[in-house]
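[1] Fold the following and give me the result.
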Amino acid sequence: AACSFILYWLTPMNAGNPHKNVLLICVDHWSGMLAPTQPHPVLSTPTLNQLAARGTSFTRAYSACPISIAARRSLMTGLSARTHGDRSVNERLVMPPVPTLADTFRGAGYQTFAVGKLHVFPRRSRIGFDEAIINEEGRRNIDGRADDWEMELSARGFAGMEYATGMANNDYLAMPWHLPDDLHPTNWTAREMSRAIRRRDPSKAGFWYLSFTAPHPPLCPPRDYWNMYSDDQMQLPSVGSWREAMGSGPFKCSQYGGGAMFRVDGSNEGDVRRALRAFFASQTHIDHQIRVVLGMLREENLLQDTHIVFLSDHGDMLGHHGLWAKGVMYEPSTRIPLLVVPAAGTERYSLPHRDDRLAEIRDVMPTLLDLAGIPIPGHVEGHSLLGPTRRSHLYGEHGNDLHATRMVVEGDYKLIYYPEGNRFQLFHLAEDPEEMCDLAEDPAYRGTREVLQDRLKSELYGGDEAWISEGRWVGLPATEKDFPNPNLSAQRGLRFP
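    Numbers count the residues shown, from 1 in each chain. Prediction:
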């Protein structure tokens, strides 16, 4: 009998199912410049470092529309922003009528479960998951109802206190978390996912979507993580030689550089250092909580039978070039970490430890399905990264009209375009990964600029074609900027029950 018990314990819990499990981990605002393959003198992410040592890091992965809703629509459909219909921020746009990533896994016999941030409309839409336990960062403006994390706070006697620190969801003020640590949204998300894994149907493989809201502001890590770092450790962000000449610049640079939203007062280095400290603390906190979920998989005898993918919906400028948050096309905003760790014994997976091909979020759906041996739906536009396909270039977009910015990456170069003011920028990413030197007006790079402009021209749609007249780029007139910020970057208050 003892031998039978030991044999049962050592047998994977879903041994009768031929499919491997899949754990898809998504974070928010985590730049590819801070990926585990990028050496950093301060940031500590031991769990991700260990995962990276076992899998493949896609070192040139991008969020082609670096804003949460649009990026997550691409993640869950395998579609570009052009096809799924949102390159801005449309909080009330339903998902396109195609099978989602969760639909496809469920159709293949998987039990599908999501915990954390879905960022879809309606908020309680399951988008194909059997169940979704959500934390939507207090977005009661959508339906006026509490999400599952807020309901937990209420049940524990802290109803309406989630934003009592005064820290904002769209700003970079920072202080330690004010409630019990186990109610922190990062801890809650990891705990609820662990609970879902424990309660799974043992006759089915699992597709688990673990979606953390952090390190998206508010920047409120638990005090123990706040204390792991100090203000003095934080290096001030780099600022390119072109930034001063740009001035207030196009709308995007004004909005994300101390304008209506997403700001830190750059004249106060203390505020900047505290914001970076809290951000790094939040990243380490996530790293450790991922470890908790992996520990649950190990104790359930599932870890070796689980494919793991880690990515972010987009990055964060974190003060580089005087900009914060996302939505612009510079590397800290649009480049993302993308890490694929196959389950043990996956012989068909033979990618290198580091892969430098151009990849983007819409590639995640076909890659996961290919890894799991599930047919890829015909609507999917992304490429499986298990195969040999390599893009010639990558197109990025965000916003419309005066709010627009566009991007083309090809080879070692990136072209950025702001139609407002008809402004181009050109960067040699191989030699200048921090985009410190704008080459757009350098005669030596005129040919490169023209090639990339032609590539960009071929991608325009939806009214963008008007930026070209009689074969010349004309863009849109520059405008005066005024950002009084009367709503304090969408500040949340106390939520009385």
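[2] All the helices of the stretch 201-350 of the chain, residue numbers only.
    223-226, 241-246, 251-255, 269-299, 331-334 (DSSP state H, counting those that start in this stretch).
[3] got those helices as CSV, with mean pLDDT, mean neighbour count and distance to Ala164 columns?
    Just so you know, the C-beta spots here come from the backbone N, C-alpha and C atoms, and that holds for glycine as well. Output for the helices of the stretch 201-350 of the chain, formatted as CSV (pLDDT from 0 to 100; neighbours: other Cβ atoms under 10 Å; distance: least, Cβ to Cβ, whole Å):
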stretch, mean pLDDT, mean neighbour count, distance to Ala164
helix 223-226, 98, 19, 15
helix 241-246, 86, 14, 36
helix 251-255, 71, 23, 28
helix 269-299, 97, 21, 17
helix 331-334, 98, 28, 30
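[4] In contact with Gly160, which residues?
    By Cβ atoms under 8 Å, 6 or more residues apart in numbering, the residues touching Gly160 are 153-154, 494-497.
[5] Pick out whichever of those residues sits closest to Ser458.
    Using Cβ to Cβ, Arg495 comes nearest to Ser458 of the contacts of Gly160, at 48.2 Å.
[6] ok, for the closest one, nearest residue in space, not its chain neighbours?
    Gly160 (3.5 Å; Cβ to Cβ, 6 or more residues apart in numbering).
[7] How much space separates the one you found from Asp356?
    From Gly160 across to Asp356, the span is 48 Å (Cβ to Cβ, to the nearest Å).
[8] Near Leu494, how many other residues are there?
    Neighbour count for Leu494, taken as other Cβ atoms under 10 Å: 10.
[9] and if you look at Phe129?
    Residues near Phe129, counting by other Cβ under 10 Å, number 24.
[10] likewise Pro122?
    9.
[11] any idea how far the closest residue to Asp86 other than its chain neighbours is from His314?
    Counting by Cβ to Cβ, 6+ apart, Asp86 lies nearest to Ala70, which is 4.7 Å off, once chain neighbours are set aside. Taking Cβ to Cβ as the measure, Ala70 falls 9 Å from His314.
[12] same deal with Arg140?
    Counting by Cβ to Cβ - Arg140 and His314 are separated by 24 Å.
[13] Comparing those two, which residue is more hemmed in?
    Remark: of Arg140 and His314, His314 carries more neighbours, 31 against 14, as counted by other Cβ under 10 Å.
[14] any weak-confidence spans in the stretch 301-450 of the chain?
    For the stretch 301-450 of the chain, the stretches flagged by pLDDT under 70 are 347-352.
[15] Do a quick rundown of the strands in it.
    Ranges of strands in the stretch 301-450 of the chain, per DSSP state E, counting those that start in this stretch, are 306-312, 338-341, 354-360, 394-398, 405-410, 413-418, 423-428.
[16] any chance of the ones you listed in CSV, plus distance to Pro202?
    Converted to CSV, the strands of the stretch 301-450 of the chain look like this (distance: least, Cβ to Cβ, whole Å):
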stretch, distance to Pro202
strand 306-312, 14
strand 338-341, 23
strand 354-360, 34
strand 394-398, 41
strand 405-410, 45
strand 413-418, 48
strand 423-428, 51
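[17] Tabulate the ones you listed in a markdown table, adding columns for mean neighbour count and distance to Ala275.
    Output for the strands of the stretch 301-450 of the chain, formatted as a markdown table (neighbours: other Cβ atoms under 10 Å; distance: least, Cβ to Cβ, whole Å):
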| stretch | mean neighbour count | distance to Ala275 |
| --- | --- | --- |
| strand 306-312 | 24 | 18 |
| strand 338-341 | 23 | 25 |
| strand 354-360 | 18 | 28 |
| strand 394-398 | 24 | 23 |
| strand 405-410 | 23 | 23 |
| strand 413-418 | 24 | 25 |
| strand 423-428 | 21 | 25 |
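[18] closest to Gly85 out of the ones you listed?
    With Cβ to Cβ as the yardstick, what comes closest out of the strands of the stretch 301-450 of the chain is strand 394-398 (12.6 Å).
[19] Strand partners (parallel or antiparallel) of the closest one?
    When pairing is defined by DSSP bridges, strand 394-398 lines up against strand 405-410 (antiparallel).
[20] The strand it pairs with vs strand 423-428, what angle?
    Inter-element angle recorded for strand 405-410 and strand 423-428: 30 degrees (by axes from the mean of the first three to the mean of the last three Cα atoms, to 10 degrees).
[21] now the angle from strand 405-410 to strand 354-360?
    140 degrees.
[22] Quick one: residues in contact with strand 405-410.
    In contact with strand 405-410 (Cβ under 8 Å, 6+ apart) are residues 60, 62, 250, 252, 327-329, 334, 358, 392-399, 414-419, 429, 451-452, 455-456, 459-460, 464.
[23] related to what we said a few turns ago, burial of the residue nearest to Asp86, as a residue count?
    Ala70: 28 neighbours (other Cβ under 10 Å).
[24] which strands and helices sit next to the strand or helix carrying it?
    Per DSSP states H and E, Ala70 falls inside helix 68-77. Secondary-structure packing of helix 68-77 (3 or more Cβ pairs under 8 Å, 6 or more residues apart in numbering; DSSP states H and E): helix 81-84, helix 101-107, helix 364-372.
[25] Please repeat the previous calculation with a cut-off of 10 Å.
    strand 21-27, helix 81-84, helix 101-107, strand 206-211, strand 306-312, helix 364-372, strand 394-398 (3 or more Cβ pairs under 10 Å, 6 or more residues apart in numbering; DSSP states H and E).
[26] Pick the most deeply packed of the ones you listed.
    Greatest average neighbour count among the helices and strands packed on helix 68-77 goes to strand 206-211 (a mean of 26), per mean count of other Cβ atoms under 10 Å.
[27] Listing partners with orientation, what would you give for it?
    Partners of strand 206-211 in the sheet, by DSSP bridges, are strand 21-27 (parallel), strand 111-116 (parallel).
[28] a markdown table for those strands, including distance to Pro46 and mean pLDDT?
    Shown next, in a markdown table, are the strands paired with strand 206-211 (distance: least, Cβ to Cβ, whole Å; pLDDT from 0 to 100):
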| stretch | distance to Pro46 | mean pLDDT |
| --- | --- | --- |
| strand 21-27 | 15 | 98 |
| strand 111-116 | 22 | 98 |
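[29] doesn't Leu494 make contact with Ala164?
    Yes. With contact defined as Cβ atoms under 10 Å, Ala164 counts as touching Leu494 (6.2 Å).
[30] So for His178, which of the helices and strands packed on helix 68-77 sits nearest?
    With Cβ to Cβ, the closest approach to His178 among the helices and strands packed on helix 68-77 belongs to strand 21-27: 22.1 Å.
[31] next helix or strand past that closest one?
    Following strand 21-27 toward the C-terminus (DSSP H and E): helix 46-54.
[32] picking up where we left off before, just the buried ones from the contacts of Gly160?
    Buried residues within the contacts of Gly160, counting neighbours by 16 or more other Cβ atoms under 10 Å: 153-154, 495.
[33] and the closest residue in space to Gly116 that isn't next to it in sequence, what pLDDT?
    Sequence neighbours aside, Ser211 is the residue nearest to Gly116 in space, at 3.4 Å (criterion: Cβ to Cβ, 6+ apart). If you check Ser211, the pLDDT there is 98.
[34] quick one: contacts for Ser211?
    The contact partners of Ser211, by Cβ atoms under 10 Å, 6 or more residues apart in numbering, come to 24-28, 72, 75, 114-119, 132, 134-135, 189, 193, 313.
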